[in-house]
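Chemist: Next input, structure requested:
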Amino acid sequence: MTMARFAVLNRNGDFRALYHRGKTRVNAVLVTYVRKNRLGVPRVGITTGKKIGGAVQRNRCRRIIREAYRSLLPGIKGGWDMVFVARQRTLDVKSNQIKRVMEKQLISLGVLKP
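Modeler: The predicted model follows:
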């Protein structure tokens, strides 16, 4: 079984544009930034700061956020850039809870079809 591939954000300028000009939703476990792009495909970036913990904890956070995003990807409208920022509480929750939070945030931002 192959993993579904998706476009990723990896340029600092893309992240900065989202932080400064994107729409935001904040939760205790996840912060979501979204902004329209002209590419017609959704792109995603995931950040985990040093406050989260060591490399193992940060990688786990990225993994569960990536998996939640992957499961929601079929319902996401094309042409959006998204950045998900892990928070301290992200470590304490299971991936299905992250998925519920992400789904709620993306629907309220108009990125995910309800």
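Chemist: so which strand or helix has Ala68?
Modeler: Applying DSSP states H and E as the criterion places Ala68 in helix 55-72.
Chemist: Check the offset of that helix from the chain's centre.
Modeler: Computed by CA atoms, centre = their mean, to the nearest Å, the chain-centroid distance of helix 55-72 equals 9 Å.
Chemist: Can you mark which positions in that helix are buried?
Modeler: The neighbour-count check on helix 55-72 (16 or more other CB atoms under 10 Å) flags Arg58, Arg60, Cys61, Arg62, Ile64, Ile65, Arg66, Ala68, Tyr69, Leu72 as buried. All C-beta atoms are positioned from the backbone trio N, CA, C, and that covers glycine.
Chemist: can you check stretch 12-20 too?
Modeler: Asp14, Phe15, Ala17, Leu18.
Chemist: how about that stretch as PDB, C-alpha atoms only?
Modeler: Listed in PDB are the C-alpha atoms of stretch 12-20, where the atom choice follows Å, rounded to 0.1, in the frame of the first residue of the first chain:
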ATOM      1  CA  ASN A  12      10.100  30.400   4.400                       C
ATOM      2  CA  GLY A  13       8.300  33.100   2.400                       C
ATOM      3  CA  ASP A  14       5.300  30.900   2.000                       C
ATOM      4  CA  PHE A  15       5.100  30.300   5.800                       C
ATOM      5  CA  ARG A  16       5.600  34.100   6.500                       C
ATOM      6  CA  ALA A  17       2.800  35.000   4.000                       C
ATOM      7  CA  LEU A  18       0.400  32.700   5.800                       C
ATOM      8  CA  TYR A  19       1.400  33.900   9.300                       C
ATOM      9  CA  HIS A  20       0.900  37.600   8.300                       C
END
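Chemist: Offset the numbering so it begins at 506, please.
Modeler: With 506 as the first residue, the last one maps to stretch 517-525.
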